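S.K.: next come a sequence and a model predicted from it.
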Amino acid sequence: LCESVLRRHPKRGLVRLLLCNHCAPDIMLLSRFEDLLQRYSGFCVTHCISEGPPPKGKEKGLARWRVGRLSLNMVSEVEAHLKAVVSGPPGLCAAAVQMLLQTGRQRSDIAVLDAFSLPEAPAPAPGPPRSAPAAAAPAPVPVPGAA
């Protein structure tokens, strides 16, 4: 997806990728992202590593590295006018969408590639069963000659 956008708009395309993994060795296509970073000035990758240290020296490449899980601070650094695409496990997708919304983005500007459900409003507290409202008594019908 990143490469498609960059190819379509090689000079003015802006793509910001926040890529979350447990540890650096889990990152797939690392060399491909490095190639895109070298070819397109509008491309930026931030690797979020939740466990273990990030690479050092030349192994870091041109990408940015953050230790820790995706955070509102990281999401806030992405330019607000860019549309967002979210993909991953359901918990990550839900958290990312909530963070994007907290930064002021509209839900219509966030595409989610994987199925997940946003948390719903809490269910009403359990209580005694509600009975159906009592039917109103029929209005009296006047009977001719009755007093």
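M.R.: Structure received. Model, not experiment: these values are computed from the prediction.
S.K.: and the helices in the protein?
M.R.: Counting by DSSP state H, the chain has helices at residues 2-8, 30-39, 72-76, 90-102.
S.K.: now those helices in a markdown table, with distance to residue 108 and mean neighbour count?
M.R.: All C-beta atoms are positioned from the backbone trio N, CA, C, and that covers glycine. Listed next are those as a markdown table, based on distance: least, CB to CB, whole Å; neighbours: other CB atoms under 10 Å:
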| stretch | distance to residue 108 | mean neighbour count |
| --- | --- | --- |
| helix 2-8 | 18 | 14 |
| helix 30-39 | 27 | 15 |
| helix 72-76 | 17 | 15 |
| helix 90-102 | 11 | 17 |
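S.K.: looking at the ones you listed, which is nearest to residue 111?
M.R.: Nearest to residue 111 among these is helix 90-102 (10.1 Å), distances taken as CB to CB.
S.K.: let me see the mean pLDDT of the closest one.
M.R.: Summarised as a single mean, pLDDT over helix 90-102 is 92.
S.K.: got a list of contacts for stretch 18-36?
M.R.: For stretch 18-36, contacts defined as CB atoms under 8 Å, 6 or more residues apart in numbering pick out 2-3, 6, 17, 43, 45-55, 61-63, 69-70, 74-75, 78, 88, 92.
S.K.: and residue 76, what does it touch?
M.R.: Applying CB under 8 Å, 6+ apart, the residues contacting residue 76 are residue 103.
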